[in-house]
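>>> Pasted the sequence and its predicted model underneath.
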Amino acid sequence: MLFHHPASAQQPSPVYQSRAAQLLQILSAPGNEDEYFSSLFLDAVPVDRWRAIAADLRAQHGQPVAVGAINQTSNTAGQVEIRYERATIGFSLVVAPQAPNRVVGLHIVGAKTAQDSFDKLMADFAALPGSSALAIARLTDAGPQMLRTHHADAQMATGSSFKLYVLAELARAIQARQRRWSDVIPLGPKSFSGRLMQWPDKAPMTLHSLATAMIAESDNSASDTLLRALGRDRVDAMLATTGHEAPDKALPLLGTAEAFALKMPANVDLRGRYTQGSVADRRILLRDAASRLTADKVDVGSVAEVPTAIDSIEWFASSRDMIALLDWLRRHGGEALPIMAVNPGIPPADAKRWRYLGYKGGSEPGVMAMNLLAQAQDGVWYAVSGSWNNPSERVEESRFVTLMTRAMNLLADDIAP
């Protein structure tokens, strides 16, 4: 099985077994979605979106060919395996209790590629259009020991992965007794997207609440608030502390509003000066042009569909840099580690293979990155960091999540006793 059997598992009911069998058909080809899914489900996932998800699964794994194990855990819920030509996918399936018992919930909870190997994984990484990087390391007292690498030293756009540097500086300040998790600061400057964007200006927030929103939800207002409160210079210093190999390319760390304001067509003059300037020049520009680099200057629609300046206005790090950062957090993060574990980044059944799993990723058109800090059941620590950049077109996020999930599962298989 791709998932653990709960103690409350029961013999599947005829109704549940029937919906599980029909899942094979609904995944195989478009049609009959209105009969299979409830209106509640289709309100959240319209038919066209569902068909795109199913088509993407077929493109990645071949045709679905059989129903595997069915594990019903309550009167309405359970998990179902569907065997594809090249993989077995686990789904969480929830049916309505009343007739006609349409499906009200369906989520992927695990994926296992048939006869998978690290060699196949590395080949699939190398085949991604654009550029890609991956590093898998065992974390030891003597430092990270690389187990598998693919362009691990390449400086890649990593999107919101930079928020781990903000978290690291916060953890350092708390460890040094300069801050406390319970300290309250006003929300702001607010950024675009995310839950806190809608909150009242200057709402009182604890540092812990801001950090959790920043990491678990990738909330931009939370990260921009913390970046200003902690001090950009202090956050930037974490690159040297954790061993970033190309700080001149990465610094200064931009706030999310600043980065996307610089991508705006109206600020092409600022973007040119920023990309051509030294680190010191960039710091001066951010200070002097602050009024032009606020969230209200960002037209999200203009950068939401195509990659925009991902080779110049970004948060840059190599997979090796991110491994070093994850290792620093392992050793010094303290209460930051439970925050990183709120959203494990990969399907729950796969995440449960680890005693601890912390995650932060990043994405925007043309950019996808995932960074995972994992403790095996025997207590040994590992880190996995991957990035995919394509300046020409959007990257397929589900394809990348599948690759990174495979990496975590292969690593778990490799170290299993």
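Great, that's in hand. Numbers count the residues shown, from 1 in each chain.
>>> Can I get the strand or helix carrying residue 213 as PDB, trimmed to CA atoms?
Using DSSP states H and E, residue 213 sits within helix 207-216. Taking Å, rounded to 0.1, in the frame of the first residue of the first chain, the C-alpha atoms of helix 207-216 are listed here in PDB:
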ATOM      1  CA  LEU A 207       6.300  36.700  15.500                       C
ATOM      2  CA  HIS A 208       5.200  33.000  15.700                       C
ATOM      3  CA  SER A 209       2.000  33.700  13.800                       C
ATOM      4  CA  LEU A 210       3.800  35.600  11.100                       C
ATOM      5  CA  ALA A 211       6.400  32.900  10.700                       C
ATOM      6  CA  THR A 212       3.800  30.200  10.500                       C
ATOM      7  CA  ALA A 213       1.900  32.100   7.800                       C
ATOM      8  CA  MET A 214       5.100  32.800   5.900                       C
ATOM      9  CA  ILE A 215       6.200  29.200   5.800                       C
ATOM     10  CA  ALA A 216       3.100  27.100   5.900                       C
END
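>>> Centre of the chain to that helix, how far?
Relative to the centre of its chain, helix 207-216 is centred 15 Å away, using C-alpha atoms, centre = their mean, to the nearest Å.
>>> any idea how far the next helix or strand after that helix is from the chain center?
Counting by DSSP H and E, the next helix or strand C-terminal to helix 207-216 is helix 220-230. Taking the mean of its C-alpha atoms, helix 220-230 sits 19 Å from the chain's own mean (C-alpha atoms, centre = their mean).
>>> what's whichever helix or strand comes after helix 220-230 in contact with?
Counting by DSSP H and E, the next helix or strand C-terminal to helix 220-230 is helix 232-242. For helix 232-242, the external contacting residues (C-beta atoms under 8 Å, 6 or more residues apart in numbering) are 165-166, 168-169, 172-173, 227, 247, 250-253, 321, 324-325, 327-328. In this view, the C-beta of every residue, glycine as well, is placed from N, C-alpha and C.
>>> Let's see that with 7 Å instead.
By C-beta atoms under 7 Å, 6 or more residues apart in numbering, the residues outside helix 232-242 that reach it are 165-166, 168-169, 227, 247, 250-253, 324-325, 328.
>>> among the residues you listed, which are in strands?
Within those, no residue falls in strands by DSSP state E.
>>> Which pLDDT value belongs to residue 353?
On pLDDT, residue 353 comes in at 88.
>>> The residue nearest to it when sequence neighbours are not counted sits in which helix or strand?
Nearest residue to residue 353, sequence neighbours excluded (C-beta to C-beta, 6 or more residues apart in numbering): residue 412, at 4.6 Å. Using DSSP H and E, residue 412 maps to helix 397-415.
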